[in-house]
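[1] next one to model:
(3 chains)
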Amino acid sequence: MGRTPCCSKVGLHRGPWTPREDTLLIKYIQAHGEGHWRSLPKKAGLLRCGKSCRLRWMNYLRPDIKRGNITSDEDDLIIRLHSLLGNRWSLIAGRLPGRTDNEIKNYWNTHLSKRLRCQGTDPNTHKKLPENNKLQSINKEKSKVKATRSKVHLPKPIRLPPSFSNSSLPTTKHSASRHGRESSGLVTDFAVDAIPSYNLNRPSNGYHVQCHDHLYRFHGLNVDSSDFECQSDQLLTADHISLEKLYKEYLQLLKTDNDQFKID
DNA sequence: AATGTATTCAACCGCAGTCAA
DNA sequence: ATTGACTGCGGTTGAATACAT
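    A predicted model of the protein is given here:
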């Protein structure tokens, strides 16, 4: 059996997207919405595979993508979420409004894992490295210092045609933070997705989680952590308590960020 | 200025999960 | 139960860029 690679068709474009392709994709999605990626390229007049279109949209063209440096607060959150979730980038990205899994994955691999190593922490396990390993890591990084650029994490280039309205432009940090992903039901899927062995159903009125003989129900998407409802304390393992605590701290950070924006 | 090297990140690849027929 | 289409995820690659020599 097996499936044919989605990009195997001869004649499909690959590599970097052109402004024209971006325009076609954005206009099509604005008119018809996301989804149906397989058929989208043909309908939108793109010579790309659906997978490529989805990736371009999710990682670059989506209007709620936050541009610019990853803040130290986000740094801290990524590290802590990684210690809980591991390399589950999409889950981690879900807790960082406007950030994509690809961006966080890249940022982790290029910055955070190195930093942790220098601090004497194993980036995979988040446990302290033996002292000699720590020294090796530090020396290794020191030897690179000359070659290391003082990185300015500039906003990603935006390639959109002049005809595009401001509302369709990828947003800046502050405007993105007001877009509302922070109000999505983070804690709900957070708790659920963090338990891989659970059987998850998502009916229209919320999540149901089947765990062993117990059925747990969570409210729908638009909830905050206070809406977190569980029919049994059994679900609140140490991990879940940590996750919920983390999420509350995160909401506080967002609030601070928004307050700061209002002051500005 | 030219060349070599390191770094970044957008894009690709392959696989797994889900769902409908 | 099986098959195949579709989607999403994480790992990897390689072109572009920045910096050092």
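[2] show me how the record splits chain A into domains.
    Per automatic domain parsing, the domain ranges recorded for chain A read A:19-61, A:72-147, A:184-263.
[3] which one of those domains has the poorest average confidence?
    Note on the domains of chain A: lowest mean pLDDT is at domain A:184-263, with a mean of 39.
[4] okay, now the closest residue to A:Gly98 other than its chain neighbours: neighbour count?
    If the residues on either side of it in the chain are set aside, A:Gly98 comes closest to A:Lys66, at 2.7 Å by C-beta to C-beta, 6 or more residues apart in numbering. C-beta coordinates here come from the backbone N, C-alpha and C atoms, glycine included. Residues lying near A:Lys66 (other C-beta atoms under 10 Å) number 25.
[5] show me what A:Lys66 is bridged to.
    Applying DSSP bridges to A:Lys66 gives these bridge partners: A:Thr171.
[6] surely it is in contact with A:Ile104?
    No: the criterion here is C-beta atoms under 8 Å, and A:Lys66 misses it with A:Ile104 at 11.3 Å.
[7] helix or strand right after whatever helix or strand A:Ile79 lives in?
    Taking DSSP states H and E as the criterion, A:Ile79 maps to helix A:72-85. Per DSSP H and E, the first helix or strand lying C-terminal to helix A:72-85 is helix A:89-94.
[8] name the helices or strands packed onto that following helix?
    Where contact means 3 or more C-beta pairs under 8 Å, 6 or more residues apart in numbering; DSSP states H and E, helix A:89-94 is packed against helix A:72-85, helix A:101-107, helix A:186-193.
[9] can you tell if the longest one touches DNA strand C?
    No: shown here: helix A:72-85 not in contact with DNA strand C (C-beta under 7 Å from any atom of the strand), separated by at least 7.7 Å.
[10] on contacts alone, who are the packing partners of that helix?
    Against helix A:72-85 (3+ C-beta pairs under 8 Å, 6+ apart) you get helix A:89-94, helix A:238-263.
[11] do that again at 10 Å, thanks
    Under the contact criterion of 3 or more C-beta pairs under 10 Å, 6 or more residues apart in numbering; DSSP states H and E, helix A:72-85 touches helix A:89-94, helix A:101-107, helix A:113-118, helix A:186-193, helix A:238-263.
[12] that older thread, alpha carbons only: can I get the helix holding A:Ile79 in CSV?
    C-alpha atoms of helix A:72-85 as CSV (Å, rounded to 0.1, in the frame of the first residue of the first chain):
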residue,chain,number,x,y,z
SER,A,72,12.4,36.6,27.9
ASP,A,73,9.0,35.7,29.4
GLU,A,74,8.3,33.6,26.3
ASP,A,75,11.8,32.1,26.7
ASP,A,76,11.1,31.1,30.2
LEU,A,77,7.7,29.7,29.3
ILE,A,78,9.1,27.6,26.4
ILE,A,79,11.8,26.1,28.6
ARG,A,80,9.2,25.2,31.3
LEU,A,81,6.7,23.8,28.8
HIS,A,82,9.5,21.8,27.2
SER,A,83,10.4,20.3,30.5
LEU,A,84,6.8,19.2,30.9
LEU,A,85,5.9,18.3,27.3
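[13] hmm, that helix touching DNA strand B?
    No: applying C-beta under 7 Å from any atom of the strand, one finds helix A:72-85 separated from DNA strand B by no less than 12.9 Å.
[14] in that helix, what's buried?
    Residues of helix A:72-85 classed as buried by neighbour count (16 or more other C-beta atoms under 10 Å): A:Glu74, A:Leu77, A:Ile78, A:Ile79, A:Arg80, A:Leu81, A:His82, A:Ser83, A:Leu84, A:Leu85.
[15] just stretch A:89-109 next, same as before
    Applying a neighbour-count criterion of 16+ other C-beta under 10 Å, one finds A:89, A:91-101, A:103-104, A:107-108 buried in stretch A:89-109.
[16] determine which two of those are furthest apart.
    Using C-beta to C-beta, the pair of these lying farthest apart is A:Pro97 and A:Trp108, separated by 17.7 Å.
[17] for DNA strand B, see how far away A:Leu61 is.
    8 Å (C-beta to the nearest atom of the strand, to the nearest Å).
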